[in-house]
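Q: Pasting the sequence and the predicted model now:
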Amino acid sequence: MIYLINPIFTQFASDIFTIVATGYGDPTWGDNPAITKEMLPATLETLAISAISGVFAVLLGIPLGLFCVATSKDGLIPNVVVNKITGFIIDLGRSIPFLILAVFLTPLTRLVVGTTVGWQASSIPLIIGATPFFARLVESNIMGVDKGKIEAAQMMGASRTQIMWGVQVREALPALMQSTTVLVITIIGYTAITGSLGGGGLGAMAINYGRFRWQSDTMIVSIVVIGVIVMAVQYLGDFLTHRVDHR
């Protein structure tokens, strides 16, 4: 493996040195239209993809995770058969590599969006791929809620829906916020894969210009911008987690 990595690292380091020292690939940096004109739209596309996919994954993943907990052996509506089937479907969705899933869902993407190219088309496989991942996180978060509080709510006559949303979700809210942060950051990483399939965003910029046109400056700027977005999401997630923590 090291024999494969070393030449790649050496070439990448050489490209960076050449850019800084000689202005490799005229034009570069501030004079490169890919950076000055297309980087901002690509950044907005990445933000749009991540936001839309994240919102729908949360809206679908929370009820799915709650359902898994509710149908478990010690849940509010125990049903082992239904729980096993649901768990199998979730695990199957998580086990498929995202690149294969995105290609497999091409007909569905074309049916829903009307095309398989562009940032809108990227959202479909991202939502379907992220939902089972987030559902398992939700299940883990909900399982960590103190059972004594659930029993107290049952003794007070609360309905199952009230217990799910008023007790389980409310008590698990800090953990759910952290899981949402992990979800969004994961989606941002996956946008690079959809970018290789014509999905747009910073991933497409890095691949189309940085890889195929040998514009290392565009590659570096794309990586830096993605890193800034990830750090901003992490900071916002940590901030909101502390705000919703009632302990």
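A: Arrived safely. On a predicted model such as this, the values are computed, not experimentally measured, just so you know. Numbering: from 1, shown residues only.

Q: From Phe67, how far out is Asp238?
A: According to CB to CB, to the nearest Å, Asp238 and Phe67 sit 29 Å apart. For every residue, glycine as well, the C-beta is placed using N, CA and C.

Q: by contact count, what packs against the strand or helix carrying Arg243?
A: Applying DSSP states H and E as the criterion places Arg243 in helix 216-244. Using 3 or more CB pairs under 8 Å, 6 or more residues apart in numbering; DSSP states H and E as the contact test, the elements touching helix 216-244 are helix 2-22, helix 33-36, helix 39-70, helix 173-196, helix 201-205.

Q: Ile127 and Val55 touch, don't they?
A: No: checked against CB atoms under 8 Å, the pair Ile127 and Val55 is beyond contact range at 9.0 Å.

Q: more crowded one of these two?
A: Ile127 (20 against 14; other CB atoms under 10 Å).

Q: Not counting sequence-adjacent ones, nearest residue to that one?
A: Phe56 (4.6 Å; CB to CB, 6 or more residues apart in numbering).

Q: How much space separates the one you found from Asp74?
A: 30 Å.

Q: The closest residue to Ser72 other than its chain neighbours: neighbour count?
A: Spatial nearest neighbour of Ser72, chain neighbours left out: Asn83 (5.5 Å); criterion: CB to CB, 6+ apart. Asn83 has 19 neighbours, counted by other CB under 10 Å.

Q: Next, Asn83: secondary structure please.
A: Here Asn83 is helix, with the state taken from DSSP: H, G, I helix; E, B strand; the rest coil.

Q: For Ile90, which residues are in contact?
A: By CB atoms under 8 Å, 6 or more residues apart in numbering, the residues touching Ile90 are 64, 68, 132, 135-136.

Q: now it: how far from Phe133?
A: 9 Å.
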